[in-house]
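Colleague: one predicted model, sequence on top.
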Amino acid sequence: MIWLYRKILDRCLVKLVRRGTFLVLWPDGSQSEYGTPPGFKGGIHIKDDATVKRLALNPGLALGEAYMDETLTPVNGTIHDVLCVLMDNQNDINLPILTIAETGRKWLRPILQANNAIRSKSNVAHHYDLNGRLYSLFLDRDRQYSCAYFTSDDVTLEDAQLAKKRHIAAKLKLDRPGLEVLDIGCGWGGMALTLAKEFGAKVTGITLSEEQLAAARARAKEEGLEERVNFELMDYRAMHRQFDRIVSVGMFEHVGAPNYETFFRTVKSCLKPDGVALIHSIGRFDGPGATNPWITKYIFPGGYSPAMSEVLAAVEKTGLRTADIEVLRLHYAKTLAHWRRRFNANRDTIASIYDERFCRMFEFYLSGSELAFRLSDHMNFQIQLVRQQDALPLTRDYIFEAERRTAQFASAGE
C-alpha cells in the first residue's frame, strides 16, 4: 500500500507547491521536484515508508513529529527553509485533506478548548512551567513572551518590548499615581513591574504558572516593589475585586472560544464604572479557524488564536464598549525572528538542559510561528474596552502624548 500513500503525498505537493521550488528525497532513493522559481527553496529527505504514510494521512501533525523524530530531515537548508516554501503556498490552495482536517477540528473546538479552571492550569504548566533558564536564553531581559512593538526596523528586541509596555500603558491612561491595575496572565511580572515603576500604579498580577509566579514574586522583592505589586496564583474566573484598569497581554489565546463571553463578563465585573481595559492577543485575518494539531499537542494545548469577529461578538454580549482597536501586522514576525536567532545562538546550552529532540521541537515551533505572521493569516490586535462612553478622551491624541512624555522622562533619568 505504500505506493498509494506516496501517490497521495505526491499529488498534494504537485497541487500545493506552485511558487518556489521543493525537493523530496524518498525512502527508496528516488527524488521528486515541485514548483517553479522564483520563490523560496527547500527540500526534505523522508527516511522511511511509515513517515510517508503519516504525511499523506495527517500532514498537519506528521511534519513536525517527523522532524522531531528525525525520520524527516531538511535537504540543502534548514527546517525554516522547508516551512517557507510550504507556508508561502498554502494560502493559495485548499487541499482537501487539510480542509477536511480543519473542519473536524472546528467541530471539536468545544471539547479541545473547554479550558475550565483545572484544564487551564494543566495547559499552562505544559508550556510555561518549563525550566526557567530556557526562556532567559531566547527572550529579552524582561522575559516578555508576547509580541513586541517595533517603532522602526533597527530597534533592538529589548527596546521593542519596552515600547510595547509603554504603548499599552498609554492606552490604559494611567494619568495619576495609585491607580489599581489587574494584570490577567502576568507572566514573569514584567508588565506589572513596569506599570508600578514608571506610572505609580498598584498592580495585582494573576497567573496559573507556578514557575512564573515564583519568578515574578522574586523580581518584585529584588526591585523593592512588594508593596506596590502583588502576584497571585489564580484563575481569572476567581477574581471578584474591582480595579481602575485591567490589562491582559498574551493570555487571551489560552481562554478558548467557548469561554470568551465568560472572560469578558469577568473583565466587566472587575472593572470600575469609569475604568479602562486593554486586551492584547494574537488573532487571525481569515475568520474563525482551528489550531494546528501539532501546536495543540506539543506547544499550546487548549490554545487558539481568534478571529476578530469571534472576539467582538463576545464583547457585544457583555455590555462592554469597544473604545479602540489596533492591529499589529508584522510586529510578531519580527519578534519571533529575534527569538529564533537567539534560540539558535544558544542551542547547545538548551540541548544540555533538555535534549536534541526538544530543540528540534522548539525550532519547528518558532519557525512556524514566525511564518504564520509573515506569510499566513496571523496578526496581533489590541482592543481597548470601557464601561462608560466618556471614560476616555474623544481622540487618540492622548495615547501618543503619553508615550512621548514617558520617553522624555526616561531619557532625562538616564
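Modeller: Good, I have the coordinates.

Colleague: so which bits of stretch 72-79 are buried?
Modeller: When burial is assessed from 16 or more other CB atoms under 10 Å, stretch 72-79 yields the following buried residues: 72-75, 77, 79. In this view, the C-beta of every residue, glycine as well, is placed from N, C-alpha and C.

Colleague: which other residues reach that stretch?
Modeller: 23, 25, 41-47, 51, 55, 63, 66-67, 81-82, 360, 363-364, 367 (CB atoms under 8 Å, 6 or more residues apart in numbering).

Colleague: filter those residues down to the ones in helices?
Modeller: Using DSSP state H, the subset of those located in helices is 51, 55, 63, 66-67, 81-82, 360, 363-364, 367.

Colleague: picking up where we left off before, kindly reformat the buried residues of stretch 72-79 as TSV containing secondary structure, pLDDT and distance to Arg228.
Modeller: Formatted as TSV, the buried residues of stretch 72-79 follow (DSSP: H, G, I helix; E, B strand; the rest coil; pLDDT from 0 to 100; distance: CB to CB, whole Å):
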residue	secondary structure	pLDDT	distance to Arg228
Leu72	strand	98	51
Thr73	strand	98	51
Pro74	strand	98	49
Val75	coil	96	55
Gly77	coil	96	50
Ile79	helix	98	44
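
Colleague: of the residues you listed, which pair is most distant in space?
Modeller: Leu72 and Gly77 (13.3 Å; CB to CB).

Colleague: hang on, the earlier thing: for the buried residues of stretch 72-79, which one is nearest Val276?
Modeller: Closest approach between these and Val276, by CB to CB: Ile79, at 42.3 Å.

Colleague: distance check, that closest one against Asp140.
Modeller: 24 Å (CB to CB, to the nearest Å).

Colleague: repeat for Ile325
Modeller: From Ile325 across to Asp140, the span is 26 Å (CB to CB).

Colleague: give me the buried positions along the lengthiest strand in the chain.
Modeller: Longest strand in the chain, counting residues (DSSP state E): strand 31-46. Applying a neighbour-count criterion of 16+ other CB under 10 Å, the buried positions in strand 31-46 are 34-35, 39-46.

Colleague: ok, stretch 117-126 next?
Modeller: Quick answer for stretch 117-126 (16+ other CB under 10 Å): 120-121, 123-124, 126.

Colleague: which of the contacts of stretch 72-79 count as buried?
Modeller: 23, 25, 41-47, 51, 55, 63, 66-67, 81-82, 360, 363-364, 367.

Colleague: how is this structure divided into domains?
Modeller: Domain ranges of the chain: 2-107, 112-413, per automatic domain parsing.

Colleague: ok, now how distant is the closest residue in space to Gly256 that isn't next to it in sequence from Thr291?
Modeller: Counting by CB to CB, 6 or more residues apart in numbering, Gly256 lies nearest to Gln113, which is 3.3 Å off, once chain neighbours are set aside. For Gln113, the distance to Thr291 equals 8 Å [CB to CB].

Colleague: find residues that contact each of the two.
Modeller: Common neighbours of Gln113 and Thr291 (CB under 8 Å, 6+ apart) are Tyr304.

Colleague: so where do the helices sit in the stretch 251-400 of the chain?
Modeller: Using DSSP state H, counting those that start in this stretch, the helices of the stretch 251-400 of the chain run over 260-270, 293-298, 308-316, 331-345, 347-353, 356-374, 397-413.

Colleague: wait, the stretch 101-250 of the chain
Modeller: Using DSSP H, counting those that start in this stretch, helices in the stretch 101-250 of the chain cover 109-112, 117-128, 132-136, 157-172, 190-199, 210-222.

Colleague: in the chain, where is pLDDT below threshold?
Modeller: Of all residues in the chain, those with pLDDT under 70 make up the ranges 92-112, 114, 410-414.

Colleague: possible to save the buried residues of stretch 117-126 as CSV with distance to Arg265?
Modeller: Formatted as CSV, the buried residues of stretch 117-126 follow (distance: CB to CB, whole Å):
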residue, distance to Arg265
Ser120, 16
Lys121, 21
Asn123, 21
Val124, 21
His126, 27
